[in-house]
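Trainee: got a predicted structure plus its sequence, pasted below:
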Amino acid sequence: MRAVADLLREAYAAADVDQAASVLNGLLRRNAGRLRLTSHAGRSPWHPHLDGDDDAPWAEWFLASSCLALTVLVWDRQRPPGGICASPDCSNVFLTQGSGPPRRYCSRRCATRERVAAHRRKTSG
């Protein structure tokens with residue numbers, strides 16, 4: 001699962017929509033099966049899958065499903081799906097939600113920590 005997360009991270013690190021699309025296209029080409037609908041033998045509502053089959057390993061399902069979701073976000077918003085936290089002490093990724101100013105941090109906690117650190121540098125110098 002960590003290897004899959006590392007692959008997906010490239011889409012979050014994309015500088016623009018073209019790079020994000022290129023990363024996702026490469027992941028889909030190398031790792032996804034054919035788009036199909038499944039209900040898991042009637043145990044769930046019908047939904048799309050891109051993994052090999054209903055018994056595919058979790059990592060395969062996670063990668064294919066994540067690529068599908070990120071592809072829809074890029075298609076719908078025409079921009080990269082998110083980013084990587086700007087805090088030097090954090091490496092989390094985040095989804096860009098809605099419009100507004102570009103997001104730089106994964107959470108309020110990281111944003112606040114960086115603002116406080118910047119303020120301390122400014123006042124102690």
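Mentor: That came in fine, so what should we check first? Fair warning: this is a prediction, and the values are worked out from it, not measured in the lab. Numbers count the residues shown, from 1 in each chain.
Trainee: just the helices from the chain, written as ranges.
Mentor: 2-12, 17-31, 58-77, 108-124 (DSSP state H).
Trainee: compare these and give me the one nearest S39.
Mentor: helix 58-77 (15.4 Å; CB to CB). Glycine gets a C-beta too; all of them are placed from N, C-alpha and C.
Trainee: that older thread, S44: which of the helices of the chain is closest?
Mentor: Of those, nearest to S44 by CB to CB is helix 58-77, at 13.4 Å.
Trainee: between that closest one and helix 2-12, how many degrees?
Mentor: 10 degrees (axes from the mean of the first three to the mean of the last three CA atoms, to 10 degrees).
Trainee: ok so, going back, of all the helices of the chain, which one comes closest to G98?
Mentor: helix 58-77 (9.3 Å).
Trainee: circling back to that earlier point, could I get the helices of the chain as JSON lines with mean pLDDT?
Mentor: As requested, the helices of the chain are exported to JSON lines (pLDDT from 0 to 100):
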{"stretch": "helix 2-12", "mean pLDDT": "95"}
{"stretch": "helix 17-31", "mean pLDDT": "96"}
{"stretch": "helix 58-77", "mean pLDDT": "94"}
{"stretch": "helix 108-124", "mean pLDDT": "92"}
